[in-house]
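> Could you work out the structure for the sequence below:
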Amino acid sequence: MSNSQHNEQDKLQKYLEEKAKQEQQQEKQKEEPAQLSAYEACVLRESAKIHELIAEAQKKAKEHSTDE
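Here you go, the predicted model:
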């Protein structure tokens, strides 16, 4: 095998390895948004609960202050 053929094979091998890495990264990026959105949904639910508790506490505090 000549030197130029060997270089071509090396280049082709490197190209294919890089292409495989890129495809793996793209697959990971496709999976991550689902995980993030599940996390975000959980954060939003907890945030809503906290806002409800704050509103309830403020309402009770107002009622308590007007009773006095």
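> Using the three-state scheme, assign the spatially most central residue of the chain.
Nearest to the geometric centre of the chain sits L36, at 3.2 Å (C-alpha atoms, centre = their mean). Following DSSP: H, G, I helix; E, B strand; the rest coil, the label given to L36 is helix.
> low-confidence ranges in this structure?
Low-confidence segments of the chain (pLDDT under 70): 1, 68.
> could you pull out the helices for it?
Here the chain has its helices, by DSSP state H, at 3-67.
> Quickly note the distance from the residue nearest to the centre of the chain to I50.
21 Å (C-beta to C-beta, to the nearest Å). Yep, even glycine has a C-beta here, placed from its N, CA and C like the rest.
> swap in K59?
Counting by C-beta to C-beta - K59 and I50 are separated by 15 Å.
> again, but for E27
36 Å.
> ok, and for stretch 16-34, which residues are buried?
When neighbours are counted by 16 or more other C-beta atoms under 10 Å, no buried residue of stretch 16-34 is found.
> Neighbours of E56, how many?
If you count neighbours by other C-beta atoms under 10 Å, E56 ends up with 10.
> Look up how far A48 lies from it.
From E56 to A48 the distance is 13 Å (C-beta to C-beta).
> for K19, same thing?
Counting by C-beta to C-beta, the gap from K19 to A48 is 44 Å.
> before we move on, what about D67?
29 Å.
> So which of the two has more stuff around it?
Looking at D67 and A48 with other C-beta under 10 Å, you find the greater number of neighbours at A48, namely 10 against 6.
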